[in-house]
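Peer 1: With the input below, show me the fold.
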Amino acid sequence: MVRVLFYFLLLIGVAAYAMSRGRRDERLAAITCVVASVASLALLVTRPAYYSGLELGVAVIDLITLGTFVWIALRSSRFWPLWVAGLQLTSTTGHILKMIEPDLLPMVYAASLASWSYAILLIIAVGIWRGQRGNFDTEPATQS
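Peer 2: Now for the predicted structure:
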C-alpha cells in the first residue's frame, strides 16, 4: 500500500509540475500517465485476484499509452519522449510474457508492468526541468 501511495504522490507531483512548467509534450505525457494510472487502478480494484491471469483491460490501456508516447516521440524535437516510449514498450511486454507463461507469478507479472512507471515519471520531470533551463535535447545549450 505504501508503494501505491508513493507512486500516486509522485504522479501528482510530476503532473502538477508538467501543468505549471512543462510544454505541450510534457503536459500530454503527464496527462497520459494520470489517465492510464487511474484507469488501470479502477480496473484492478474491482477484481479480487488481480494479476493471477492476463489483465486484458490493463493490456489495452498499456497499448493505448504506448501509442500515445510513440506519437509524442515521433513529433517531438526532444529526446526524452523516445526514452518514455521505450520504457512503456518494455512494460507492455509484460503482458506478452503472461500470455506465453500463464503460470507466471502474479507478483512478477505486476512488477514487470509497474516498475518502469517510476522511471517514466522521472524522465518526464527531467524533460520539464531541462526545457526550463533551455537545455533542449536536440539543440546545444545557449551560452550567456
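Peer 1: Buried residues in the top helix by length along the chain, which are they?
Peer 2: Longest helix of the chain, by residue count under DSSP state H: helix 106-133. Of the residues in helix 106-133, 109-110, 112-114, 116-117, 120-121, 123-125, 127-128, 130-131 count as buried by neighbour count, 16 or more other CB atoms under 10 Å. C-beta coordinates here come from the backbone N, C-alpha and C atoms, glycine included.
Peer 1: Quick check: which ranges of the chain have low pLDDT?
Peer 2: Residues of the chain meeting the criterion pLDDT under 70: 48, 135-144.
Peer 1: rewinding a little: show me the two of the buried residues of helix 106-133 that sit farthest apart.
Peer 2: 109 and 131 (35.0 Å; CB to CB).
Peer 1: What segments of the protein are helices?
Peer 2: 2-21, 24-45, 56-75, 80-100, 106-133.
Peer 1: before we move on, the earlier item: now do the longest helix of the chain against helix 80-100, angle only.
Peer 2: If you take axes from the mean of the first three to the mean of the last three CA atoms, to 10 degrees, helix 106-133 sits at 170 degrees to helix 80-100.
Peer 1: and helix 106-133, how far out from the chain's middle?
Peer 2: 6 Å (CA atoms, centre = their mean, to the nearest Å).
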